[in-house]
Structures are given as structure tokens and as C-alpha cells.
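Mind folding the following:
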Amino acid sequence: MLTATKMKLDELKNTVVIPEGVSIIINGNTINAKGPHGEVSRKWNNPRIFVKVDGNNAVIIAKNASKKEKRMLVTVKAHIKNMIDGVNKNNECKLKICSSHFPMQVAMEGNTLVVKNFLGEKVARKTTLPKDVQVKIQGDKISLTGPDIETVGMSVSKIEQLCRITNRDRRIFQDGIYLIEKNGRAL
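This is a model prediction of the structure:
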């Protein structure tokens, strides 16, 4: 599916296959991907990297390819592949709520995740999550889904940092919310 060919001495080309149901629109240095699970857009700022749609392939071309442009070519290819996978299948991360000392209550209030009674604290901890990330809380599991892999990953990071414990022995105080599964793979 992913191929790399050398066209000239100074030009490098990679292709990514676009599956059915996914459309890619390129406007200058912005790529928009639309699919059954949503829409994702991304910008890049390298004047020597060009992306064009050729049938059912996205072709990435690096002009005057030095080592930096070769690395950038592979990076843009990976971003396009992640965009296609996200709008086609959705990205999903699962977290587990661990509370051994004090019973923790986790709830969504609009776009804000609220953690109450973390380590017996009287003030609730809160973090705001992006609107395009869907959050489901079922018992001691939290499921985050969305088309953009970076937005879902940043949301997971915000939730883990919300329940970060400092100045206590981590072997004893293991309370918190931890990532346990990412896109169907256990961690």
C-alpha cells in the first residue's frame, strides 16, 4: 500500500492509498480528510513538500530532497495515513479509574471532566476536553473516541495529568486514571 520511489536525483515520491468512503481535499499547504467518522485537517510549512491527489492515491513529492526533506516526506506520509485511519475507523483509547484509598467519582459536565474525592480532596479536579472527542464513562472505565489521533491523545494526557500524585510514595498511593488500551491494543 505504501511505496517510495526515487524519480530524479533531487525528487522523492511516496504514495498512500485512499480507501473508499474517504475523500482528501488539498488547499495550498492544508490537507482535509473526510470520512464516515468525521473530518480532520492538518497544515504543514515546508515549501519543498507537495501533496496531490491522483485517483485513489495521495502522492507526496519532495523537491530538492535533502535529508531533512526525506524525513519530512515520511512524516507527512504518516500524518496522512493517521488522518485516513481516523476518519475511516475512528481512534479509541480506554482508561481505567483506580481508587484504592478513597472512592473517586468521575463525571462529565458538558465538555468538562470532573473528578471528585480524589485522595479525599474536598475540591473537585476539572479539565476541559475538545468537543470532537466523545467520552463515555462506564463503571471504572473511560472510553475516548474521535477522528483526530492527536486530539484523542492530548485528551488522554490531560486526564492522566489531572490525577497525577506528587510528594507521596507511588507504591502505596496508586490512585489515579491510567491508559490501558489504545486502538484495540492493550498496553
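
Following element in sequence after the worst-scoring helix or strand of the chain on mean pLDDT, please.
Lowest on mean pLDDT, DSSP states H and E among the helices and strands of the chain sits strand 3-6, with a mean of 54. Next along the chain after strand 3-6, taking DSSP states H and E as the criterion, comes strand 11-17.

so what does the longest helix seen in the chain touch, helix or strand wise?
When the chain is parsed with DSSP state H, its longest helix is helix 67-89. If you count contacts as 3 or more CB pairs under 8 Å, 6 or more residues apart in numbering; DSSP states H and E, helix 67-89 packs onto strand 11-17, strand 23-27, strand 30-35, strand 38-43, strand 49-54, strand 57-63, helix 149-162. (C-beta placed from N, C-alpha, C; glycine too.)

hang on, isn't T112 packed against T128?
Yes - using CB atoms under 8 Å, T112 is in contact with T128, at 5.3 Å.

Measure how the next helix or strand after the longest helix of the chain sits relative to strand 38-43, angle-wise.
Sequence order places strand 91-98 as the next helix or strand after helix 67-89, per DSSP H and E. For strand 91-98 against strand 38-43, the angle by axes from the mean of the first three to the mean of the last three CA atoms, to 10 degrees is 100 degrees.

List the buried residues in strand 91-98.
91-95, 97 (16 or more other CB atoms under 10 Å).

Next, format the residues you listed as CSV and append pLDDT and distance to H37.
Shown next, in CSV, are the buried residues of strand 91-98 (pLDDT from 0 to 100; distance: CB to CB, whole Å):
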residue, pLDDT, distance to H37
N91, 94, 9
E92, 95, 11
C93, 96, 15
K94, 96, 17
L95, 96, 20
I97, 93, 26
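
what would those look like in CSV with distance to V74?
Below are the buried residues of strand 91-98 laid out as CSV (distance: CB to CB, whole Å):
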residue, distance to V74
N91, 21
E92, 25
C93, 25
K94, 29
L95, 30
I97, 38
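
Show me how the protein divides into domains.
3-89, 91-186 (automatic domain parsing).

Mean pLDDT lowest where, among these?
Among these, domain 3-89 carries the lowest mean pLDDT, at a mean of 86.

if I look at V74, how far off is I24?
Note on V74: its distance to I24, by CB to CB, to the nearest Å, is 18 Å.
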